[in-house]
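Trainee: heads up, no residue letters with this:
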Ligand code: 6PG
């Protein structure tokens, strides 16, 4: 029987998605660059084997899929994708769609979509979130590309997606690179959330003297309240996990150097290009970079004076509130980048829809996302999430906790770059009269760059005293 879809790439994510599709009743053709993986995959598929067909030969793989074809690539982003497009395109026919389901730079997705225009072939950049388990049992998917491709993909994507109260967590968000861009920003928000959780953990560990299990208990409690989310849940479970080699908490045997594959950094780069500054996300990316300088930090620990002033440890409620406020502010920055990009690339992104498809399946799923979606569905003052009445009320309640936590961190010498950044951004946005008049004065003083006046239109220069 001809396959409904082809999956190229049988790594962790590709094989999980192929099995998910087969599980939902679709016929799936699979292949892989290293052809010897195919047999192993087919054997492991168990009961699902009749729904799958393995093909070592690329032309055979293509011919096994019913036209117009939908072919999902789950391979490393960048050059490998370009090479595969070149190899497979001559084998395809009008109306066929190539989907890149990896974490790709949306600029590359736009370039490839443009190159495919007029060839009869279609290109879709699709963000897939939720890790291996998500891919196997229900990911959140952010789809770009043409309407034609979406019509082909939709029934399959909706069947395999995570469901939030029955609604599939997938949608066509816009043309060309929209899907990959939204996934990139999702990851930026993911970085910020993870970093803020790590900062609260650090405060409890270093200043509160709590062990991993005790911190895990607090997080577990939080996971049942306003902070309910996948990331708090897994952090609680991770803190309570024990290393079978040493009997110590797992987190206590892990080197404090964080890895990163680049999506968090892409979020920042694009934010800056759009004239935005997502400082909470930036702090999280930066903190991963600093963490990699382990040797320097070990030396500096002895050489620099971090001695601090005494202050009371913030309460557990303060820390919960700090995390809540930080989470709202981190997401608000992410959505701000999305709306700038939507204007810039004319994508007409629907923020409420994006929040909705993040409610289940993805790494940043949390109780708050349903509230964000509701806020976007209602009238949003100045288009800004932090000005939504519900968010203003939550921030008003949570902000004192964030202030006390950041203040304690400052006094105790406990770094909290992301939480402090979130607070600084909040306070900047909440200050009608800021301090950029001083910047403008300096610019005009040394470079005659001019400034606008409060009392007159037009561009002006100052009457400056000599130095
Ligand atoms: C997801 C994740 C995933 C990402 C990893 C690792 O949504 O499922 O964002 O796509 O690749 O979490 O990312 P880093 O290596 O950059 O931390």
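Mentor: Cool, the structure landed. Predicted model only: the values in this text are computed from it and were never measured.
Trainee: ok, the closest residue to the ligand within the stretch 1-150 of the chain - contacts?
Mentor: The stretch 1-150 of the chain approaches the ligand most closely through residue 129 (3.1 Å), counting by C-beta to the nearest ligand atom. C-betas here are computed from N, CA, C, even on glycine. Residue 129 sits next to 139, 140, 141, 142, 183, 186, 358, 361, 362, 363, 364 when contact means C-beta atoms under 8 Å, 6 or more residues apart in numbering.
Trainee: For the fifth one, what is the enclosing helix or strand?
Mentor: To tie it back to what came earlier, the one meant is residue 183. Assessed by DSSP states H and E, residue 183 sits inside helix 178-202.
Trainee: Pull out the buried positions in the longest helix along the chain.
Mentor: Identified as the longest helix of the chain according to DSSP state H is helix 316-345. For helix 316-345, burial by neighbour count (16 or more other C-beta atoms under 10 Å) applies to 318-342, 345.
Trainee: quick one: contacts of stretch 286-300?
Mentor: Stretch 286-300 has contacts (C-beta under 8 Å, 6+ apart) with 191, 195, 198, 255-260, 264, 415, 417-418.
Trainee: Tabulate those in CSV, adding columns for neighbour count.
Mentor: What follows is the contacts of stretch 286-300, written out as CSV (neighbours: other C-beta atoms under 10 Å):
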residue, neighbour count
191, 27
195, 27
198, 19
255, 7
256, 11
257, 12
258, 17
259, 7
260, 15
264, 24
415, 18
417, 19
418, 29
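Trainee: Out of those, flag the one nearest to the ligand.
Mentor: residue 260 (4.2 Å).
Trainee: Kindly confirm my reading that that closest one forms part of a strand.
Mentor: No. Residue 260 is assigned coil when assessed by DSSP: H, G, I helix; E, B strand; the rest coil, not a strand.
Trainee: Against the ligand, how distant is the residue nearest the centre of the chain?
Mentor: Nearest residue to the geometric centre of the chain (C-alpha atoms, centre = their mean): residue 187, 1.6 Å. Using C-beta to the nearest ligand atom, to the nearest Å, residue 187 is found at 5 Å from the ligand.
Trainee: now that residue, nearest residue through space, not along the chain?
Mentor: Counting by C-beta to C-beta, 6 or more residues apart in numbering, residue 187 lies nearest to residue 263, which is 3.7 Å off, once chain neighbours are set aside.
Trainee: May I see the buried residues of stretch 108-115?
Mentor: Using 16+ other C-beta under 10 Å as the test for burial, stretch 108-115 gives 108, 109, 110, 112, 113.
Trainee: sorry, that was for stretch 40-56
Mentor: Going by neighbour count (16+ other C-beta under 10 Å), the buried part of stretch 40-56 is 41, 42, 45, 48, 51, 52, 53, 54, 55.
Trainee: Which members of the residues you listed are positioned in helices?
Mentor: Counted as lying in helices by DSSP H, out of these, are 41, 42.
Trainee: Determine the longest strand present in this structure.
Mentor: The single longest strand within the chain, with elements called by DSSP state E, is strand 122-129.
Trainee: now the longest helix of the chain against helix 178-202, angle please.
Mentor: Orientation of helix 316-345 against helix 178-202 (axes from the mean of the first three to the mean of the last three C-alpha atoms, to 10 degrees) gives an angle of 160 degrees.
Trainee: residues contacting residue 365?
Mentor: Residue 365 sits next to 140, 229, 230, 358, 359 when contact means C-beta under 8 Å, 6+ apart.
Trainee: okay if I get those as a markdown table plus neighbour count, secondary structure and distance to residue 399?
Mentor: Formatted as a markdown table, those follow (neighbours: other C-beta atoms under 10 Å; DSSP: H, G, I helix; E, B strand; the rest coil; distance: C-beta to C-beta, whole Å):
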| residue | neighbour count | secondary structure | distance to residue 399 |
| --- | --- | --- | --- |
| 140 | 29 | strand | 30 |
| 229 | 22 | strand | 20 |
| 230 | 20 | helix | 25 |
| 358 | 29 | coil | 24 |
| 359 | 23 | coil | 25 |
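Trainee: ok, so of these, who is nearest residue 466?
Mentor: Of all those, residue 466 sits closest to residue 358, with 56.9 Å by C-beta to C-beta.
Trainee: Could you double-check that that closest one sits in contact with residue 183?
Mentor: No. Counting by C-beta atoms under 8 Å, residue 358 sits too far from residue 183 to count as a contact (10.4 Å).
Trainee: so what's the residue of the stretch 251-400 of the chain found nearest the ligand scoring on pLDDT?
Mentor: For the stretch 251-400 of the chain and the ligand, the shortest gap (C-beta to the nearest ligand atom) falls at residue 261, measuring 3.7 Å. pLDDT, residue 261: 92.
Trainee: ok, for it, nearest residue in space, not its chain neighbours?
Mentor: Nearest to residue 261 is residue 103, by C-beta to C-beta, 6+ apart, at 6.8 Å.
Trainee: Then residue 307?
Mentor: Spatial nearest neighbour of residue 307, excluding adjacent residues (C-beta to C-beta, 6+ apart): residue 413 at 6.9 Å.
Trainee: neighbours of that neighbour, just the number please.
Mentor: For residue 413, the neighbour count with other C-beta atoms under 10 Å is 13.
Trainee: and what of residue 416?
Mentor: When neighbours are counted by other C-beta under 10 Å, residue 416 registers 27.
Trainee: Wait, it touches residue 406, no?
Mentor: Yes. Assessed by C-beta under 8 Å, residue 416 is found in contact with residue 406 at 6.0 Å.
Trainee: Just the helices from the stretch 101-250 of the chain, written as ranges.
Mentor: Secondary structure of the stretch 101-250 of the chain by DSSP state H, counting those that start in this stretch: the helices cover 106-116, 131-137, 147-160, 178-202, 212-222, 230-239.
Trainee: in stretch 438-452, what counts as buried?
Mentor: For stretch 438-452, the neighbour count (16+ other C-beta under 10 Å) marks 440, 444 as buried.
Trainee: Please tell me how far residue 395 sits from residue 449.
Mentor: 35 Å (C-beta to C-beta, to the nearest Å).
Trainee: Next: residue 175.
Mentor: Distance, residue 175 to residue 449, by C-beta to C-beta: 38 Å.
Trainee: Equivalent analysis for residue 16, please.
Mentor: Counting by C-beta to C-beta, the gap between residue 16 and residue 449 amounts to 55 Å.
Trainee: how far does stretch 226-246 stretch from start to finish?
Mentor: Using C-alpha to C-alpha, to the nearest Å, one end of stretch 226-246 lies 35 Å from the other.
Trainee: Could you shift the numbering so residue one becomes 702, and keep it that way?
Mentor: Right, with 702 as the first residue, what we last looked at is stretch 927-947.
Trainee: tell me the mean pLDDT over stretch 1028-1044?
Mentor: Average pLDDT, stretch 1028-1044: 98.
Trainee: close to the ligand, is it?
Mentor: No. On the criterion C-beta under 6 Å from any ligand atom, stretch 1028-1044 is out of touch with the ligand, staying 12.8 Å away.
Trainee: do stretch 804-820 as well
Mentor: Yes. Using C-beta under 6 Å from any ligand atom, stretch 804-820 comes into contact with the ligand via residue 804.
Trainee: That stretch: how far from the chain's middle?
Mentor: A distance of 21 Å separates the centroid of the chain from that of stretch 804-820, by C-alpha atoms, centre = their mean, to the nearest Å.
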